[in-house]
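Visitor: quick one, fold the following:
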Amino acid sequence: MLPASADSRAVHSRYHRAEPQPKQRPLPYPALELPLEIPNSQYVPLAWSDVIGWRDDDHLAAYKAFRTSCQPIVAQNGPAPDSKALGTSLRDPCRIARALEPSDGAKAKAFFEENFLPLRISRLGEGEGFVTGYYEPVIEGSRTQNEVYPVPVYRRPSNLFVKGQTQASVGLPNKGAVYRKIGRRKLVPYYDRAEIEDGKIEGRGLEIAFLKNQTDLLFAQIQGSARIELPDGSTVRINYDAHNGYPYTPVGRVLIDRGIIPREQMSMQKIREWMEQNPDGAGELRRQNRSYVFFREVNLSDKDEPVGAQGVPLTAGRSIAVDKALHVYGTPFFIEGDLPIESERAKTPFRRLMIAQDTGSAIVGPARADLYFGAGAEAGRVAGRLKNNARFVMLIPKSLDPAARGRKLPVPDERPSAKIARLFPQIAPKDPPKETPMPASPAVAAAATQAASAQASIPLPVARPKEAPVRDDKRRRPSRDR
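Guide: Next up is the predicted model:
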């Protein structure tokens with residue numbers, strides 16, 4: 001018979017041969033790059049052959065729009081100013097793009113396939129995204145106010161303040177609080193649409209031009225830019241510069257909620273027609289949208305497209321506005337769906353590579369885009385019809401390959417077997433030992449002793465009796481229980 005110690009070693013040896021312990025990883029775990037993470041979104045890596053309509057697109061047109069976005073991207077130095085999933089990863093494809101001059105669509109297509117990976121993206125729990133359209137209105141106006149052109153187009157007032165911005169900033173954020181200053185220090189919310197329409201800032205030299213009616217101004221504010229055709233044939237180009245701090249309320253939604261226009265018939269053209277037929281109601285409807293946009297005059301010719309939030313000219317049919325809180329300007333998105341482009345009821349196949357170059361306060365979510373269709377009435381009719389579901393494929397630089405990063409992530413340790421769990425029971429931690437106070441210095445100890453003795457010499461008050469003495473007199477009051 002083996003000694004007790006030898007017997008226990010033999011049992012321990014047989015146990016280890018039967019069930020080896022899992023290999024433990026060193027702690028702390030090494031720092032690894034996480035896969036691409038876009039808040040409230042889901043995505044699936046695809047092969048290029050899985051992207052419906054990819055091979056039939058005009059990749060050269062998309063390449064030219066992407067190359068336009070590359071100029072400010074390459075010019076950036078250092079880390080990205082804000083934390084987004086793509087960060088500064090577009091710099092490498094942009095440097096390659098600026099060195100290339102593809103002469104046909106095949107070479108442009110090869111550029112995208114060699115430098116990007118396609119990911120189908122949508123909001124968490126949803127299979128599709130949502131698209132609308134926008135355009136640049138062409139409006140009649142005048143440099144001087146008169147009976148025909150009474151409505152002013154205002155530039156940004158000097159008493160409008162946004163925290164973290166200066167008056168020299170171009171293109172203030174289109175969301176967030178906006179203030180006006182009273183006196184030297186007091187800040188209050190800026191005027192809303194009703195107050196501005198009623199003349200709160202008139203007569204201060206803020207007028208860029210004058211329009212025929214408030215409806216023309218409202219549509220210019222919704223689109224963010226406009227071309228104002230003057231009586232002498234010249235054109236004034238205006239672009240978004242600031243807003244008054246109130247959230248945007250779609251007037252179309254108000255008309256739907258009131259049962260005036262059915263949801264399936266809603267379009268910008270329907271809104272305009274209703275406002276023209278109901279001038280009194282139009283004023284009340286406008287004021288439901290307390291948001292108000294201020295413009296700046298830009299030096300562009302009639303042939304130039306407006307400048308988007310990225311600071312580059314938009315491309316009709318290739319530029320989109322996205323949620324700038326999630327996406328980086330310059331990101332390519334392949335959008336696929338059946339849209340009412342040819343007519344209100346048409347289902348025109350739309351399979352096109354678009355470039356994120358703009359934003360809007362109503363554009364919220366990972367698979368949400370506003371498609372830019374150009375300038376003029378026809379572009380406005382097409383843009384006004386769009387409110388459709390579509391599928392989004394986001395092109396990300398190969399350096400961010402989520403599948404490759406995912407393979408490097410550590411997996412959890414294997415769950416121990418029941419035998420190992422019995423041999424190594426989990427014992428609840430005991431209460432932490434009480435801290436032992438540090439010994440005081442002799443001087444501090446002597447002072448504490450002296451204070452304690454002085455306190456002990458003070459006489460204590462006599463203890464209060466448990467029951468109050470009963471007064472034996474005739475003026476005793478009767479009890480309330482009687």
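Visitor: all contacts plus neighbour counts: C-alpha atoms, from now on.
Guide: OK.
Visitor: residue 228 sits in which helix or strand?
Guide: Using DSSP states H and E, residue 228 sits in strand 225-229.
Visitor: need the contact partners of that strand.
Guide: Applying Cα atoms under 8 Å, 6 or more residues apart in numbering, the external contacts of strand 225-229 come out as 136-142, 220, 235-240, 295, 306.
Visitor: so which of the residues you listed belong to helices?
Guide: Within the contacts of strand 225-229, residues falling in helices by DSSP state H are residue 220.
Visitor: tell me the one of the contacts of strand 225-229 nearest residue 157?
Guide: Proximity of these to residue 157 (Cα to Cα) peaks at residue 295, which lies at 10.1 Å.
Visitor: burial count for the closest one?
Guide: Using other Cα atoms under 10 Å, residue 295 has 25 other residues around it.
Visitor: list the buried residues of the helix or strand harbouring residue 388.
Guide: Residue 388 is part of strand 387-397 when elements are defined by DSSP H and E. Neighbour-count burial for strand 387-397, counted by 16 or more other Cα atoms under 10 Å, picks out 387, 389, 390, 391, 392, 393, 394, 395, 396, 397.
Visitor: hmm, residue 317 is touching residue 373, no?
Guide: Yes. Between residue 317 and residue 373 a contact is recorded at 5.2 Å, counting by Cα atoms under 8 Å.
Visitor: any weak-confidence spans in the protein?
Guide: Residue ranges of the chain with pLDDT under 70: 1-34, 168, 410, 412, 428-482.
Visitor: residue closest to the middle of it?
Guide: residue 325 (2.6 Å; Cα atoms, centre = their mean).
Visitor: residue 333 is in contact with residue 391, correct?
Guide: No. Judged on Cα under 8 Å, residue 391 makes no contact with residue 333 at a distance of 9.9 Å.
Visitor: would you mark the buried spots in the longest helix along the chain?
Guide: The single longest helix within the chain, with elements called by DSSP H, is helix 59-75. Neighbour counts over helix 59-75 (16+ other Cα under 10 Å) mark 59-71, 73-74 as buried.
Visitor: beyond it, next helix or strand please.
Guide: Past helix 59-75, the next helix or strand by DSSP H and E is helix 91-98.
Visitor: that following helix: which residues count as buried?
Guide: By neighbour count on 16+ other Cα under 10 Å, the buried set for helix 91-98 is 91, 92, 93, 94, 97.
Visitor: columns distance to residue 408 on top of the residues you listed, output as TSV?
Guide: Shown next, in TSV, are the buried residues of helix 91-98 (distance: Cα to Cα, whole Å):
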residue	distance to residue 408
91	24
92	23
93	24
94	27
97	30
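Visitor: how about these, which pair is most distant?
Guide: Distance extremes for the buried residues of helix 91-98: the farthest pair is 91 and 97 at 9.8 Å, using Cα to Cα.
Visitor: quick one on the thing from earlier: once you drop chain neighbours, what's closest to the residue nearest to the centre of the chain?
Guide: residue 84 (7.7 Å; Cα to Cα, 6 or more residues apart in numbering).
Visitor: so that neighbour sits against residue 328, correct?
Guide: Yes. Between residue 84 and residue 328 there is a contact at 7.1 Å, judged by Cα under 8 Å.
Visitor: which one of the two has more residues nearby?
Guide: Neighbours per residue, other Cα under 10 Å: of residue 84 and residue 328, the larger number sits with residue 328, 24 against 17.
Visitor: contacting residues for the more buried one?
Guide: Applying Cα under 8 Å, 6+ apart, we find residue 328 in contact with 84, 86, 87, 356.
Visitor: the spatially closest residue to the third one that is not a sequence neighbour: how many residues sit nearby?
Guide: Same thing as residue 87. Of all residues not flanking residue 87 in the chain, residue 80 sits nearest, at 5.8 Å (Cα to Cα, 6+ apart). For residue 80, the neighbour count with other Cα under 10 Å is 13.
Visitor: correct me if wrong: residue 80 contacts residue 88.
Guide: Yes. Counting by Cα under 8 Å, residue 80 touches residue 88, with 5.9 Å between them.
Visitor: still on that earlier bit, closest to residue 50 out of the buried residues of helix 59-75?
Guide: residue 59 (16.8 Å).
Visitor: and stretch 113-131, how far apart are its ends?
Guide: Terminal residues of stretch 113-131 are spaced 25 Å apart (Cα to Cα, to the nearest Å).
Visitor: got the buried residues for it?
Guide: By neighbour count on 16+ other Cα under 10 Å, the buried set for stretch 113-131 is 113, 115-123, 127-131.
Visitor: ok, and what's touching that stretch?
Guide: For stretch 113-131, contacts defined as Cα under 8 Å, 6+ apart pick out 40-48, 51, 93, 365-371, 386-398, 401.
Visitor: chain center to it, what's the gap?
Guide: Distance of stretch 113-131 from its chain centroid, counting by Cα atoms, centre = their mean, to the nearest Å, is 17 Å.
Visitor: quick check: chain neighbours aside, which residue is closest to residue 68?
Guide: In space, residue 68 is closest to residue 312, 6.8 Å off (Cα to Cα, 6+ apart).
Visitor: what's near enough to touch residue 219?
Guide: Counting by Cα under 8 Å, 6+ apart, residue 219 touches residue 137.
Visitor: state the distance from it to residue 141.
Guide: Noted for residue 219: a distance of 14 Å to residue 141, by Cα to Cα.
Visitor: skipping its backbone neighbours, what lies nearest residue 177 in space?
Guide: Excluding the flanking residues, the one nearest residue 177 by Cα to Cα, 6+ apart is residue 245, at 4.8 Å.
Visitor: over to residue 353?
Guide: residue 334 (4.2 Å).
Visitor: need the phi and psi values for that neighbour.
Guide: For residue 334, the backbone dihedrals are phi -90, psi 120 (criterion: degrees, to the nearest 10).
Visitor: tell me how many other residues crowd it.
Guide: Residue 334 has 24 nearby residues by other Cα under 10 Å.
Visitor: please put the alpha-carbon coordinates of stretch 60-75 into CSV.
Guide: Coordinates of the C-alpha atoms in stretch 60-75 are reproduced here as CSV (Å, rounded to 0.1, in the frame of the first residue of the first chain):
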residue,chain,number,x,y,z
LEU,A,60,-16.0,56.5,-63.6
ALA,A,61,-18.6,59.0,-62.6
ALA,A,62,-18.5,57.7,-59.0
TYR,A,63,-14.7,57.8,-59.1
LYS,A,64,-14.7,61.5,-60.1
ALA,A,65,-17.1,62.4,-57.2
PHE,A,66,-14.9,60.4,-54.8
ARG,A,67,-11.8,62.1,-56.0
THR,A,68,-13.4,65.5,-55.3
SER,A,69,-13.9,64.4,-51.7
CYS,A,70,-10.3,63.3,-51.4
GLN,A,71,-8.8,66.8,-51.5
PRO,A,72,-9.8,67.8,-47.9
ILE,A,73,-9.3,64.2,-46.7
VAL,A,74,-5.6,64.1,-47.8
ALA,A,75,-5.0,67.6,-46.5
